[in-house]
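A.B. asks: Test case, fold it:
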Amino acid sequence: MRVAVIGGGPGGLYFAALAKQLSPSWDITVWERNAPDDTFGFGVVFSDETLDGIAQADPRVFDAMSAEFARWSDIDVRHRGQVLTSGGHGFAALGRKRLLQILQQRCAALDVDVRYRTQAPPVEELSARYDLVVAGDGVRSATRATFADTFRPELDERTCRYMWLGTDKVFEAFTFIVAEGEFGTLQVHAYPFDDSRSTFIVEIDEESWRRAGFDAFADRDHPPGTSDEDSIALCERILADHLDGHRLLPNNSKWIRFTTVRNATWRHDNVVLLGDAAHTAHFSIGSGTKLAMEDSLALAACLHEHQDVATALAAYESERRPVVESTQRAAQASLEWFENVGRYTGQDPHQFAFNLLTRSRRVTYDNLRVRDEAFTHAVDARHAAEAAADLAGPGPADAPPMFRPFRLGGLRLRNRVVAPPVALYTARDGVPGDFELVHLSTQAVGGSGLVFAGMTAVSADARATTGCPGLYTDEQEAAWRRIADFVHEQSDARLGIQLTHAGRRAAAQPPRPGDVNYASEQGSWPLVAASPLPWNENSSVPREATRADLVAITRDFVTAARRADRCGFDALELQLGHGHLLSGFLSPLTNTRTDAYGGDLAGRMRFPLEVLRAVRAVWPAGKALLVRISATDWADGGTSEADAVEIARRLAEAGADAIDVSTGEVVAHERPRYGRSYQTPYADLIRNATGVPVVAVGAISTYDDVNSIILAGRADLCAVGRAQLHDPLWTLHAAAAQGYRGPAAPWPTAWRAGSGRPPGARTDRVPPRLHLLRQPPAPVHQRWLPPARATALQSAAH
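C.D. replies: Next up, the predicted model:
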């Protein structure tokens, strides 16, 4: 087997060493254009998981690395004059140059042919001459560009500027610095990697970068290998309080923008991409070197396990892609958090630190409690005090965040869990029946603080389907009153109803389960919309709403709101999202009108605001009024983030007590990015940009995520939908799992015997003691103290 490796970075060298160990007869050649002692960058960080893999795969490499690791477990967050520390995390780092030396020596010992200062031949030539070509040629991969039609790369260049630097200040922990000034906000990601130096990455958004004056140096010529010394000097001045007289150390350091690399495939015949050539993940969640070395291990193993190259490469990508994509999702969340860090700097320092630590969603509330209970308790206590102050009365200080009360308009909610509006499609002629009663009462008895009846039409023609309920006849009103009375008799949960006009999304029959693209049949009933645009090619073309239509529809909403009040509903939600009529006015993709109700955002908001103001005028002040919006259309040219913020701000000014922040379902050609709590960033955006209370909704299914979202300040309430359909007692079970027994999650008297967690298999087994001497627990807080400094401290102590 003849193997060509393009790129002698850590990924390429580690692969060559592992493959040569497994197959000593293979002829492996590595081409590296730089000299063996050239390196760009400073330190690299490894997780315990990756190090376990290295230790198993090549103990000699692991031992050499371990001998020089800087190790620590703390994260310091420096924000507004305070340093808050969270422990129990676990890091190991060493210099990139030293890592390369270790891998170079290992390749030499295994007789790998490494050709330094040598440009690799064209990849087409290598592919013809070798059985396998491994392309570890970096983020600007020439191999990827050569076979772009196969790899189909997606390169997402972000807006923030950043610069890799070092410093002779040895930090004792992974340190996040947030510096504010008249220019805006600048952040630093810093960590030690040996006895005398630390990595120091400066990151800043474009506007702050320009206001700080860095743009004055941007046009100057900085040839390869040189650094932007003027920008580095300015960074030293801005960050002087954190450097304590130490210097920033350049190494080919200049401002760049981060590019997230994704590829549709990593294989082309006998050519395979490795590391940054295949994928990148933002530096704020770890090291690209770590990912590249994990790739190397998996690729070498798959080649060893399979008889032919094609099968091995397919197995490699099948194994690694899910891991990489999971990492990239976490990295994207972290990247976007730091791009918008100025949004959060006004938070209490403890909440800010918690928000930062949980930004990627990989670290959560429960996870932090395990790592550092004292830190999490301190954040918890402050949040509980704030919740109590907002309610002008005592609150349960020992309750998890999700079980702290909240004031929504004139309502006091017992907890932060919402059972969102769900389309059940079980009504007949718009009249809700026994299934609606069972569904809503079970959600209320099951513990949610606020329960919504869903997709209720304000007129017969406003129904989305024939199975949707309405609130436009006396019979419907009586049916809803029966349900509301029963819910209130059985529970102190608050009950709400969502009112809507389906607009162009009106349909004759309910959709199949899980299908949002339901379409009307020709002649079902007259459709009206902001503009005469059908939902999709199978839909009827709606009629553009006239001024008379708008007056009549507004009157329908007002009449339905009055009926809802008489029924005894505590909260009302207007559906301004998901492509329904009012949503159709808001989005530029669905509103092409040329009158006063179209055009710019002010025009597109005119009719939704008219409806909201009219409903607010008749809805009691002591009850809550919410509005659901689609904060993005997931389609080019649709609602922007700036639009979503302005929409929320104007809705609040017009009387909305909170914004229920959903996304999408506005156009049929949408391309949503589904994932765990995938809509929460939009709730976060609106809450922290406007100060308006928000409900986060969408793929939130664990109490740990709810606690994390609430405590980080990303939302005030969390709507848990499908998880509560799976388990209608989800909220009560969440309380039991957390050991909470209090007024925010009351078990019905008849069910109280089941309020504890039932015993499971082998839960009655008590394990014996099997160790003669107990190992002391690892300290929560471990700082990096270079040996010389540690010796000096010990001498001073004696």
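A.B. asks: tell me the contacts of the residue lying closest to Trp31 once chain neighbours are set aside?
C.D. replies: Distances taken as Cβ to Cβ, 6 or more residues apart in numbering put Ala120 closest to Trp31, at 3.6 Å, once the chain neighbours are dropped. (Glycine included, C-beta is placed from N, CA and C.) Residues in contact with Ala120, defined by Cβ atoms under 8 Å, 6 or more residues apart in numbering, are 4, 6-7, 31, 33, 126, 137.
A.B. asks: if we go to 10 Å?
C.D. replies: 4-8, 29-33, 126, 133, 135, 137, 142-143 (Cβ atoms under 10 Å, 6 or more residues apart in numbering).
A.B. asks: Same check on Gly9?
C.D. replies: So Gly9 contacts 30, 32, 34, 39-41, 96, 99-100, 103, 136-138, 274-276, 288-289, 292-293 (Cβ under 10 Å, 6+ apart).
A.B. asks: Kindly recompute the last result at 6 Å.
C.D. replies: By Cβ atoms under 6 Å, 6 or more residues apart in numbering, Gly9 lies in contact with Gly136.
A.B. asks: next one: phi and psi at it?
C.D. replies: phi -80, psi -180 (degrees, to the nearest 10).
A.B. asks: could you measure Asp194 against Gly43, distance?
C.D. replies: Computed as Cβ to Cβ, to the nearest Å, the Asp194 to Gly43 distance reads 7 Å.
A.B. asks: Between those two, which is the more surrounded one?
C.D. replies: The residue with more neighbours, out of Asp194 and Gly43, is Gly43; 24 against 19, by other Cβ atoms under 10 Å.
A.B. asks: Show the pLDDT at the closest residue to Asp716 other than its chain neighbours.
C.D. replies: Ranked by Cβ to Cβ, 6+ apart and with sequence neighbours excluded, the top spatial neighbour of Asp716 is Pro693, at 4.5 Å. pLDDT for Pro693: 98.
A.B. asks: So Pro693 is in contact with Ala715, correct?
C.D. replies: No: with contact defined as Cβ atoms under 6 Å, Pro693 does not count as touching Ala715 (8.6 Å).
A.B. asks: Looking at those two, which is more packed in?
C.D. replies: Remark: of Pro693 and Ala715, Ala715 carries more neighbours, 29 against 21, as counted by other Cβ under 10 Å.
A.B. asks: if I've got this straight, the more buried one is in a strand?
C.D. replies: No: looking at Ala715 with DSSP: H, G, I helix; E, B strand; the rest coil, it is coil, so not inside a strand.
A.B. asks: So the residue nearest to Glu641 when sequence neighbours are not counted versus Val694, what's the distance?
C.D. replies: Computed as Cβ to Cβ, 6+ apart, the closest residue to Glu641 that is not its neighbour in sequence is Leu685, at 6.1 Å. Noted for Leu685: a distance of 9 Å to Val694, by Cβ to Cβ.
A.B. asks: for Asp228, same thing?
C.D. replies: 40 Å.
A.B. asks: Tell me which of the two has more neighbours.
C.D. replies: Applying other Cβ under 10 Å to Asp228 and Val694 shows that Val694 carries more neighbours, namely 26 against 20.
A.B. asks: Return the set of residues that bridge with the more buried one.
C.D. replies: Beta-bridge partners for Val694, by DSSP bridges, are Ile659.
A.B. asks: I figured it hits Asn688, correct?
C.D. replies: No: using Cβ under 6 Å, Val694 is not in contact with Asn688, being 9.3 Å away.
A.B. asks: can you map out the strands along the stretch 151-300 of the chain?
C.D. replies: With strands called from DSSP state E, counting those that start in this stretch, the stretch 151-300 of the chain shows them at 153-167, 174-181, 184-192, 198-204, 248-249, 256-263, 267-268, 271-273.
A.B. asks: Centre of the chain to the second one, how far?
C.D. replies: Meaning strand 174-181. Centroid separation for strand 174-181 versus its chain: 21 Å, with Cα atoms, centre = their mean, to the nearest Å.
A.B. asks: Mind giving me the packing neighbours of that strand?
C.D. replies: strand 75-79, strand 184-192 (3 or more Cβ pairs under 6 Å, 6 or more residues apart in numbering; DSSP states H and E).
A.B. asks: what do you get for the longest one?
C.D. replies: Applying 3+ Cβ pairs under 6 Å, 6+ apart, one finds that strand 153-167 makes contact with strand 198-204, strand 248-249, strand 256-263.
A.B. asks: okay, the ones you listed in a markdown table with distance to Ala460 and mean pLDDT next?
C.D. replies: Output for the helices and strands packed on strand 153-167, formatted as a markdown table (distance: least, Cβ to Cβ, whole Å; pLDDT from 0 to 100):
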| stretch | distance to Ala460 | mean pLDDT |
| --- | --- | --- |
| strand 198-204 | 56 | 97 |
| strand 248-249 | 70 | 96 |
| strand 256-263 | 48 | 96 |
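A.B. asks: Between Asp194 and Gly43, which contacts overlap?
C.D. replies: Taking Cβ under 6 Å, 6+ apart as the criterion, Asp194 and Gly43 both touch Gly95.
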